[in-house]
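In: structure of the sequence below:
(chains A and B, ligands or ions: 1)
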Amino acid sequence: MCLSVPAKVLEIHGEMAKVSLGGIEYEASLQIVEDIQVGDYVLLHTGYAIQKLSEEEAMETLKLFEELKELNKQIEEEEKDERGRTD
Amino acid sequence: MSMKYIDEYRDKEIVQHLIQRIQSISSREIRLMEVCGGHTMAIQKFGIPSLLPKNIHLLSGPGCPVCVTSRGYIDQAIAYSRLDDIIIASFGDLIRVPGSSSTLEKEKARGADIRIVYSSLDALDMARKNLQKKVVFLGIGFETTAPGSAATIQTAWKENLENFLLFSAHKIMPPAMEALIDEGVKIDGYIAPGHVSTITGHEIYLDFPEKFGIACVISGFEPVDLLQSVYMLVRQVEANDPKVEIQYKRAVKLKGNEKAKDIMHEVFELRDDWWRGLGVLTESGLAVREKYMNFDSEKVLNVTVESLREDKGCICGEILKGLKNPKDCKLFAKTCNPSDPVGACMVSSEGACHAYYKYNRNF
Ligand code: SF4
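Out: Numbers count the residues shown, from 1 in each chain, chains lettered A, B, ... in the order given. Predicted structure coming up:
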């Protein structure tokens, strides 16, 4: 029951919204969140939207992984170099 | 489902890179604890422990709301269910948790009106449709769930719907995290609960690095989230630089969800509360404030509750403290399994015993 899942807001009627969760539609309350618009993604938890998901932050995090990949590559190359020298 | 929220966070290649990073910076023995049932489940489901170097140990903490709910609470809910003109509205898992001599599920089979709901809003609807009865919603859960219950009470208050009652077992997470340290459980870092933090923000964890030198990373729930959080924790520990960091930035703002926090504080106040495995923790539970007492089952309903009877052989308590592993329990997978649970940790899919049973076939 602790699970919260990302859902897309399809329609807003006052404090209630229609959201889509993997293609299935649910009713969700917007009572405890602010500034939600149609098209936003929200975290849905026991019938309540509890937070808007930030697209920029999601992208930022994914960008970090690109940097990690670079770092790994660099380290591998350095190791190769070192091995080359000691051989 | 949109790529940017799920798929990429399960990307095998990114997973490989993260594991490689963790291996390259990790030098010492380190114990990390997750305190969220959702994390417990995800960690077992994605087989995270087997991906990590041997010196990194993952422990499960007291983060499954069903599991930490006291036997006394179940007994009281059962007593409510035996009153006339009562409907009990409960999350599914809870009805199977053993009380002292029965479960809500057994009471239901005997004719009590006990209904499963997914949300406090369903219970509210039930109250609107059954004005001649009282609907008691069994409110369990941490900071993630409590604001919803609070909002539901506010709605009932506005609508004057006095046949809606909340029986609150809502709790807050930090006192339990601190209690473990007081008990001497050795933890180097907390994988802090992502969805609790969605509401609370990072503030509630600041004491852990400052007072106890424990690293904290607020984590998401996908494999990539969890591995990145482990990486960040290992980095903090290796550098002897404990602090609170947020990995789950797409859902957790520094200050959390202010509106939800306001609603929660408007309706609830702190009280001492009983946790399975941890006992009574000071100011760890949420009680309905006097203003809303007409919606508080503890104020409105009068019941005598049978005296507590403890389980024999179940070591849920030790497991919730991270001191023991489900495998250490003699009953595990023998007398105790998901279809016939002895303890609460086997009932909930977020419980350590249940998650371990489901995803570790090779025990
Ligand atoms: S396996 Fe069952 S009896 Fe043993 S600790 Fe877990 S829930 Fe309790």
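In: got the end-to-end distance for stretch B:170-186?
Out: End-to-end distance for stretch B:170-186, by CA to CA, to the nearest Å: 27 Å.
In: wait, stretch B:81-95
Out: 11 Å.
In: and if you look at stretch B:340-350?
Out: Stretch B:340-350: ends 16 Å apart by CA to CA.
In: so what's A:K63 up against?
Out: With contact set as CB atoms under 8 Å, 6 or more residues apart in numbering or on different chains, A:K63 has no partners. Every C-beta, even on glycine, is put in place using the N, C-alpha and C of the backbone.
In: and it, how far is that from B:V303?
Out: Here the distance between A:K63 and B:V303 works out to 56 Å (CB to CB, to the nearest Å).
In: likewise for B:A179?
Out: On the measure of CB to CB, B:A179 and B:V303 end up 29 Å apart.
In: what do you get for A:D35?
Out: Distance, A:D35 to B:V303, using CB to CB: 43 Å.
In: same check, this time on B:Y118
Out: 26 Å.
In: which is the next helix or strand following the longest strand anywhere in chain A?
Out: With secondary structure taken from DSSP state E, chain A has its longest strand at strand A:5-13. Next helix or strand after strand A:5-13 toward the C-terminus (DSSP states H and E): strand A:16-21.
In: so in that sheet, which strands flank that following strand, and in what orientation?
Out: Paired neighbours of strand A:16-21 in the sheet (DSSP bridges): strand A:5-13 (antiparallel), strand A:24-29 (antiparallel).
In: what about dumping the CA coordinates of the first one to PDB?
Out: The reference is to strand A:5-13. The C-alpha coordinates for strand A:5-13 follow below in PDB (Å, rounded to 0.1, in the frame of the first residue of the first chain):
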ATOM      1  CA  VAL A   5       2.900   5.300  -9.200                       C
ATOM      2  CA  PRO A   6       3.300   7.900 -11.900                       C
ATOM      3  CA  ALA A   7       0.000   8.800 -13.600                       C
ATOM      4  CA  LYS A   8      -0.800  11.300 -16.300                       C
ATOM      5  CA  VAL A   9      -3.500  13.800 -15.600                       C
ATOM      6  CA  LEU A  10      -6.200  13.700 -18.400                       C
ATOM      7  CA  GLU A  11      -9.000  15.900 -17.100                       C
ATOM      8  CA  ILE A  12      -9.500  18.100 -14.000                       C
ATOM      9  CA  HIS A  13     -12.900  18.700 -12.500                       C
END
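In: how far is that strand from where the chain is centred?
Out: The chain centre lies 15 Å from the centre of strand A:5-13; the measure is CA atoms, centre = their mean, to the nearest Å.
In: just the closest residue of chain B to the ligand, please.
Out: Nearest to the ligand in chain B, going by CB to the nearest ligand atom, is B:G343, at a distance of 2.7 Å.
In: list the contacts of that residue.
Out: Residues in contact with B:G343 (CB under 8 Å, 6+ apart) are B:98, B:311, B:314-316, B:331, B:336, B:353.
In: the nearest residue to B:Y73 once chain neighbours are set aside and A:Q74: what is the separation?
Out: Spatial nearest neighbour of B:Y73, chain neighbours left out: B:A169 (5.0 Å); criterion: CB to CB, 6 or more residues apart in numbering or on different chains. Using CB to CB, B:A169 is found at 51 Å from A:Q74.
In: give me the below-cutoff pLDDT ranges for chain A.
Out: Applying pLDDT under 70 to chain A picks out residues A:1-2, A:84-87.
In: which residue does it bring closest to chain B?
Out: At 2.7 Å from chain B, A:G47 is the closest residue in chain A, using CB to the nearest CB.
In: distance of A:F65 relative to B:L227?
Out: Distance from A:F65 to B:L227, by CB to CB: 10 Å.
In: more neighbours: which of these two?
Out: B:L227 (25 against 20; other CB atoms under 10 Å in any protein chain shown).
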